[in-house]
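Chemist: predicted coordinates and the sequence they were generated for:
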Amino acid sequence: MAATFFRRLSTAAPAAFNNAFVGQPKSGFAGFRCAAIAAVAGGMGTYYFSESNLVHLDQINEETDPKIALKPDKWLEFKLQDTARVSHNTHLFRFSFDPNEKLGLDVASCILTRAPLGQDAEGKTKYVIRPYTPISDPDAKGYFDLLVKVYPEGKMSQHFASLKPGDVVEVKGPIEKLRYSPNMKKHIGMIAGGTGITPMLQVIEAILKNPDDKTQVSLLYANVSPDDILLKQKLDILAASHPNLKVFYTVDNPTKTWKGGAGYISKIWSQKAYPLLLKILSSLYAVHPV
Ligand SMILES: Cc1cc2nc3c(=O)[nH]c(=O)nc-3n(C[C@H](O)[C@H](O)[C@H](O)COP(=O)(O)OP(=O)(O)OC[C@H]3O[C@@H](n4cnc5c(N)ncnc54)[C@H](O)[C@@H]3O)c2cc1C
């Protein structure tokens, strides 16, 4: 199932990505007016699959007034189209809707999901409600993707894990977290852990798909081990093909097979420098938790 899903995603990959891995960006924090965005959602995630085929930009919708699938004040059912395992505890879920509509998500926003969770004393349905951050192109028509870490005792994430294609989840939104506009900052510093990468991806992809947006992005992505780095291949390809994106990884437990490479920050560096970097960023620039 996963293979089919990603084959489909790969067909959406633009030719530009065939020539990925060119030119490392040269950028730094000094000398720029910066913004810093930090997010750690749902703890630390893990990851393993070849997700080069996940690198895709969906067709840009030229319509001026496309129909919107989401409603901010109404729970609507969205059908699970497909799932794919990203790591031992993190999965990608694609939900579909009318192919003439787009989701209606401004960057950066999340959605609310809800699932029935038994009944109360009066026999009314109880619900679990959790926010998630779509990582598909907001201009994509007919579908959206969620990257969800499944917790062993997690109410909603276990519900996600139990879903089969054709099942529905109720969704409401969007909820705006940070209104991004092109070139609003010269340089954005992002610090993310685990599934906290999802809002970063929304902003990064909005910047990279707009040739008029000259914003520099420096992402520091923290995980427990190399295998926990979610969507690493996608991030590496995006960084290699866009000089204005620089990605650094830090892991608490580097393995013997972990070769590091460009952008890798060692455990020692991360233990000493990561808190310092965070402190400097927080004191010098506006920090917007997402
Ligand atoms: C704006 C926003 C965006 C988000 N986007 C994403 C996203 O894109 N992807 C993503 O994966 N997550 C995202 N999250 C996190 C997500 O909303 C959920 O918090 C997460 O999926 C866990 O929900 P759950 O119902 O599965 O787990 P919960 O039932 O809430 O439990 C979470 C963990 O806490 C433990 N736990 C629960 N209750 C207790 C207790 N009483 N004592 C001790 N431990 C307990 C559980 O065992 C589990 O390990 C986002 C959060 C926010 C706020």
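Modeler: That came through fine.
Chemist: residues from the stretch 51-200 of the chain in reach of the ligand?
Modeler: 110, 128, 130-133, 146-149, 151, 153-157, 195, 198 (CB under 6 Å from any ligand atom). The C-beta positions use only the backbone N, C-alpha and C, and glycine is treated the same way.
Chemist: just the buried ones among those, please.
Modeler: 110, 128, 130, 132-133, 146-149, 154, 156-157, 195, 198 (16 or more other CB atoms under 10 Å).
Chemist: out of those residues, which are inside helices?
Modeler: Counting by DSSP state H, the part of these found in helices is 156, 157, 198.
Chemist: does the last one touch residue 135 like I think?
Modeler: Yes. Because the distance of 5.3 Å satisfies CB atoms under 8 Å, residue 198 is recorded as touching residue 135.
Chemist: same list, the ones in helices among the buried ones among the residues of the stretch 51-200 of the chain next to the ligand, but as JSON lines with distance to residue 214 please.
Modeler: As requested, these are exported to JSON lines (distance: CB to CB, whole Å):
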{"residue": "156", "distance to residue 214": "38"}
{"residue": "157", "distance to residue 214": "38"}
{"residue": "198", "distance to residue 214": "24"}
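Chemist: can you add pLDDT and give the residues you listed back as CSV?
Modeler: Shown next, in CSV, are those (pLDDT from 0 to 100):
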residue, pLDDT
156, 98
157, 98
198, 98
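Chemist: residue of this protein closest to the ligand, please.
Modeler: The minimum distance from the chain to the ligand, using CB to the nearest ligand atom, falls at residue 154 (2.3 Å).
Chemist: so who does the closest residue to residue 182 other than its chain neighbours touch?
Modeler: Excluding the flanking residues, the one nearest residue 182 by CB to CB, 6 or more residues apart in numbering is residue 213, at 4.0 Å. Listed by CB atoms under 8 Å, 6 or more residues apart in numbering, the contact partners of residue 213 are 182, 183, 206, 207.
Chemist: which SS class is residue 213?
Modeler: Counting by DSSP: H, G, I helix; E, B strand; the rest coil, the backbone at residue 213 sits in coil.
Chemist: mind pulling up the pLDDT for it?
Modeler: Residue 213 carries a pLDDT score of 98 in this model.
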